[in-house]
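*Asks:* what shape does this take:
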Amino acid sequence: MRVNTAVIKAIQFSLHLITLIWLTWIFYAGFTAQLPGDPVQYLLDFTGIGALNLLVASLVVSLVAQHLKFAQVMVFRRPLGVYSAVYVLAHFIVFIAFELQFEFRLIAAEIIDRPYITVGFTGFIILSSLAFTSFPYIKRKMGKSWQKLHNLTYLAVILGCIHYLWLVKSSWMEPAIYIAIVLSLMIMKRKKIKNIFN
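*Replies:* Take a look at the predicted model:
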């Protein structure tokens with residue numbers, strides 16, 4: 001399967017534009033009191049779910065490339081993964097800035113004492129590492145260890161789902177849907193995942 005290169009580049013440009021502009025607008029709306037309800041909670045929800053959506057999308061891209069023989073879509077995987085890390089970073093900043101008021105001793109205590117924050121913070125560290133090492137120069141320097149590190153994408157998405165499930169207080173339906181999607185993706189990629197642990 002193959003499409004015109006110009007179409008791929010246009011989609012790639014739109015991905016960058018929409019992802020960054022949407023994030024920028026939400027923060028602008030938050031700081032100008034244009035968000036409904038609790039603006040801090042809105043920002044936390046938007047950035048957290050946005051990060052999970054982008055990470056899941058990056059896994060879907062590789063499946064599409066593999067099963068539909070559509071290698072061109074692989075150019076979307078790196079930006080989706082990087083933007084997932086950007087959204088997670090924004091999520092973490094909102095949490096420590098507005099929920100914890102940059103009380104660093106309190107931040108450490110929250111990470112240690114609250115399991116859902118421990119899980120979320122672990123996912124944040126993984127995604128930050130993956131984003132930092134996604135540049136071609138670093139990839140070449142790391143050699144074979146690069147792929148081993150980036151296999152942690154699967155762990156990161158599982159941790160994201162667990163974090164979301166533990167976080168919700170009223171309904172577990174939405175996180176359950178994410179878990180079902182991720183498990184389906186894992187089953188479809190079971191051969192690769194099995195090779196990781198061999």
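*Asks:* going by C-alpha atoms from here, please, whenever you check contacts or count neighbours.
*Replies:* Will do.
*Asks:* Leu63 in helix, strand or coil?
*Replies:* Following DSSP: H, G, I helix; E, B strand; the rest coil, Leu63 is assigned to helix.
*Asks:* measure it to His16 for me?
*Replies:* According to CA to CA, to the nearest Å, Leu63 and His16 sit 21 Å apart.
*Asks:* same deal with Glu174?
*Replies:* 26 Å.
*Asks:* what's the answer for Ile49, then?
*Replies:* For Ile49, the distance to His16 - CA to CA - is 18 Å.
*Asks:* just to revisit the earlier point, between Leu63 and His16, who's got more neighbours?
*Replies:* Comparing Leu63 with His16 by other CA atoms under 10 Å, the one with more neighbours is Leu63, at 19 against 14.
*Asks:* how about the more buried one, what does it touch?
*Replies:* If you count contacts by CA atoms under 8 Å, 6 or more residues apart in numbering, Leu63 has them with Met188, Lys189.
*Asks:* how near is it to Glu110?
*Replies:* 37 Å.
*Asks:* now do the strands in the protein.
*Replies:* For the chain, strands defined by DSSP state E do not occur.
*Asks:* where does pLDDT dip in it?
*Replies:* The model of the chain has pLDDT under 70 over residues 194-198.
*Asks:* and stretch 59-74, what's buried?
*Replies:* Residues of stretch 59-74 classed as buried: Leu59, Val60, Val61, Ser62, Leu63, Phe70, Ala71, Gln72, Val73, Met74 (neighbour count, 16 or more other CA atoms under 10 Å).
*Asks:* let me see the contact set for Leu54.
*Replies:* The contact partners of Leu54, by CA under 8 Å, 6+ apart, come to Leu80, Gly81, Tyr83, Ser84.
*Asks:* right, and Ile107 touches Phe95 too?
*Replies:* No - applying CA atoms under 8 Å, one finds Ile107 not in contact with Phe95, separated by 9.3 Å.
*Asks:* mind putting the contacts of Leu54 into a markdown table with distance to Gln41 and neighbour count?
*Replies:* Converted to a markdown table, the contacts of Leu54 look like this (distance: CA to CA, whole Å; neighbours: other CA atoms under 10 Å):
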| residue | distance to Gln41 | neighbour count |
| --- | --- | --- |
| Leu80 | 24 | 24 |
| Gly81 | 24 | 25 |
| Tyr83 | 20 | 21 |
| Ser84 | 19 | 29 |
